[in-house]
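Undergrad: one predicted model, sequence on top.
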2 protein chains.
Amino acid sequence: MERDLFVSVLAAVVGDAHVLTDPGMTGGYETDFTRRFGGPARAVVRPGSPEEVAAVVAACAEAGVPIVPQGGNTGLVGGGVPRNREVVLSLRRLASVERVDPVAQQVTAGAGVTLAALQRAVRSERLDFGVDFAARDAATVGGMIATNAGGERVLRYGTMRACAAGVEAVLADGSVISQLAGLPKDNTGYDLTGLLVGNEGTLGVVTRARLRLVPLLPARATALVALPSLASAVELLASLRSLRSLEMAEFMLPAGLSLVCRHTGLPAPFAAPYGAYVLVECADSTSPLDALLSVLSSVPDALVAVDAADRQRLWTYREAHTEAISAAGVAVKLDVAVPLGALPAFVEDLEGLVAGRAVMYLFGHLAEGNVHVNLLAAESPSELSEAVLRRVAAVGGSISAEHGVGAAKARWLGLSRSPASLAAMRAIKSALDPSGLLNPGVLLAD
Amino acid sequence: MERDLFVSVLAAVVGDAHVLTDPGMTGGYETDFTRRFGGPARAVVRPGSPEEVAAVVAACAEAGVPIVPQGGNTGLVGGGVPRNREVVLSLRRLASVERVDPVAQQVTAGAGVTLAALQRAVRSERLDFGVDFAARDAATVGGMIATNAGGERVLRYGTMRACAAGVEAVLADGSVISQLAGLPKDNTGYDLTGLLVGNEGTLGVVTRARLRLVPLLPARATALVALPSLASAVELLASLRSLRSLEMAEFMLPAGLSLVCRHTGLPAPFAAPYGAYVLVECADSTSPLDALLSVLSSVPDALVAVDAADRQRLWTYREAHTEAISAAGVAVKLDVAVPLGALPAFVEDLEGLVAGRAVMYLFGHLAEGNVHVNLLAAESPSELSEAVLRRVAAVGGSISAEHGVGAAKARWLGLSRSPASLAAMRAIKSALDPSGLLNPGVLLAD
């Protein structure tokens, strides 16, 4: 095979060893976690510094070569893998965490730092990072910024948009914008950092981020709460919110919990079945147990954990959902959010919609009305998916709560965004990437 | 005087009574609070609904007439008053607060709702709004969004950007974008809400906002703390941050405190003078006093207040700064922020720079390194201002922490923003307002 001339241009920037074209080497960068998305890359380029990222992007701009930026490749919507022989720009080598600033309670981290590595670095300083989720060993800071990652602790700390004090990024022309001072007050123009959070690699390539840290809270209390209905779960949340130690509130439903018990062999948590379950966790510097118990005094039933083993056992009921569903079949997965007040009626409506057309398991993050919809044995998956997303849109919800739009949901974006919003987004995209070289086909489909 | 034909077009939209052209009526809209900025308006138009705002903007777009959006007109940088016979678009009639949503802990408010009216509406539901500052009786939600307002409680609740869950806004072509569902997780594209927060009226006209609320915390404890130096104040802050009830930390310096005592007749708070003073306030559902005292156990001296009268007395030492400085002369006022770790050295450097060229009083919001610089009797105010702003930029600070850029600081924006950032900002401005009709001359000077 004759060597692609442009590959030599890239090699001149980052060194031969960091431009991969051998299919044996590029495979891991070309297919995503779901194995539903991906394709061959023209090359995988692995710059080792922000300056090299800028030089790679400038070279691509000069040659008119499209780029797919990639972090830990843990995305679920095809937003970080090639679709049409693009250059994959892997940021994983930007893996350094700078010195933690204990006064500002911030740290600057490279785009390639994994969430787990970030946690290790800041926890040694008795600080923590607000966003956390299961893919922490692979997901990177750059990818988390680009996708506005969420997870379990959003009700306390917000999404990445709330946790990012600034970014350094390479724009489509190779120019670099940098706001790493981490100033909590800085009213000198448009919020370019906020615009890059959630841009899905379509406006710029994040190289470093200034991250807000939170105190590390060692004392935890966890409870699995049984409730008659999802409506009463929503009511419980209103009371739980009076606890400023509240960190997580995950909801489950009877069908999913039964499936988990069958799959894991765990006993049913309660003697009788209930209409809904909420896994609550509080964290504080001193034990939040008494405060939690006081709020739970009127619930029908609850299991409470204080030590790590008990906590893990309760968490398994929630965490094993994904695995138990996978074991039951290939699920169509949708990640949606509805206004919290509308959640109980939405779920009831969904059950009616899906009845007889698929087996459905729902669970999710209660405080954000964030429902992970899993559809098994659906006869017309695409049609049913669209029907679900239309119900979401009808109640003012979001067709993508935390996973993003990517290539997977681009055609449905109009369900959540009005023509005027889409036009504004396209205008911004054209303004910052006039040749459309950054992640073409993602977010804004042609 | 013959009537301007375009005025009739506006009157057809909002009614004759709401298009003001008589100088006796327009005066209050044409000059800002500082009396340093302003000029005659072509007309002042006061739409009564978001639909009327859209129709006014569409009419201006059609006729190529520039617009200055205006809220409570409490700005300090000339960002909300006419400069060149623009139409002033006053949003004050959009003054309705919708029903508080206690489940989501959010409320939707019109752009013309004052901060004080918002506080009254949400406090009756035992909730509160995070952002607070002295101009609450006049400042409006729309203006607070447009300027990313900050204030005293930013260390706890963030600026408006953190407190706004979504906005409805009219873009330059009269189209309306609306994100009022308030979803905490919604990854369906670019953060147009965040982009409009702090846009200073140059990208769109905010008509309504979905605001995040916080629990109303009735129990407060306040302390005025004496410290040997600003460096020790920064150290104290690190300890104070372990209190999750911490709500405010304002710093003062000996010169300012002496001026306040002379002006108000208040006694000096401590028998001996100290190098720096911090006014700390904590708020919680139960008394935060013991927790506050435990952190203050090692400070040289402190006055502690628990009842409202004591609190007010301590607050006067801080709040009377503005009045005492005004009484001493006409001050050049700069509102800057530096990285917190750099604050003590920055202030020392500033004292050296200003010595012999002006009398300087500094005070501000400690946690954000936000310094309000007041220069009295400066010989060359503009030159000295620029010298101060250059020192700010040299330590990676912001030339405008909370007041914004407006017309006043547009020429200095390049001190805080790089050419690449400015180019990105200009590209976004051109994309969303290609004819430059929204607040020309503000933020991005020609």
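TA: Thanks, I have the structure now.
Undergrad: contacts only, for the closest residue to A:F133 other than its chain neighbours.
TA: Spatial nearest neighbour of A:F133, chain neighbours left out: A:G151 (3.3 Å); criterion: C-beta to C-beta, 6 or more residues apart in numbering or on different chains. Glycine gets a C-beta too; all of them are placed from N, C-alpha and C. A:G151 makes contacts with A:V131, A:D132, A:F133, A:A134, A:H365, A:E402, as judged by C-beta atoms under 8 Å, 6 or more residues apart in numbering or on different chains.
Undergrad: what about 10 Å?
TA: A:G151 makes contacts with A:115, A:130-136, A:139, A:144, A:157, A:159-160, A:248, A:365, A:370, A:402, B:185, as judged by C-beta atoms under 10 Å, 6 or more residues apart in numbering or on different chains.
Undergrad: A:Q312 now?
TA: Listed by C-beta under 10 Å, 6+ apart, the contact partners of A:Q312 are A:T222, A:A305, A:E319.
Undergrad: out of those residues, who's nearest A:P254?
TA: Each of the contacts of A:Q312 was scored against A:P254 by C-beta to C-beta, and A:E319 proved nearest at 17.6 Å.
Undergrad: that closest one: helix or strand, and which one exactly?
TA: helix A:308-328 (DSSP states H and E).
Undergrad: which parts of that helix are buried?
TA: Using 16 or more other C-beta atoms under 10 Å in any protein chain shown as the test for burial, helix A:308-328 gives A:311, A:313-315, A:317-322, A:324-325, A:328.
Undergrad: I'd like those residues as a markdown table, with distance to chain B appended.
TA: Conversion of those to a markdown table gives the following (distance: C-beta to the nearest C-beta, whole Å):
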| residue | distance to chain B |
| --- | --- |
| A:R311 | 22 |
| A:R313 | 28 |
| A:L314 | 23 |
| A:W315 | 21 |
| A:Y317 | 22 |
| A:R318 | 17 |
| A:E319 | 19 |
| A:A320 | 23 |
| A:H321 | 18 |
| A:T322 | 18 |
| A:A324 | 24 |
| A:I325 | 21 |
| A:A328 | 26 |
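Undergrad: hang on, the earlier thing: the helix holding A:E319: what's the following helix or strand?
TA: strand A:332-337.
Undergrad: that next one near chain B at all?
TA: Yes. Residues of strand A:332-337 contacting chain B under C-beta under 10 Å from any C-beta of the partner chain: A:D335, A:V336, A:A337.
Undergrad: and the helix or strand following that strand, what's its mean pLDDT?
TA: Remark: after strand A:332-337, the chain's next helix or strand is helix A:343-354, criterion DSSP H and E. Mean per-residue pLDDT for helix A:343-354: 97.
Undergrad: report the buried residues of helix A:343-354.
TA: With the criterion 16+ other C-beta under 10 Å, helix A:343-354 contains buried residues A:L343, A:P344, A:F346, A:V347, A:D349, A:L350, A:L353, A:V354.
Undergrad: that one versus strand A:332-337: what angle between them?
TA: 150 degrees (axes from the mean of the first three to the mean of the last three C-alpha atoms, to 10 degrees).
Undergrad: fine by me, thanks again.
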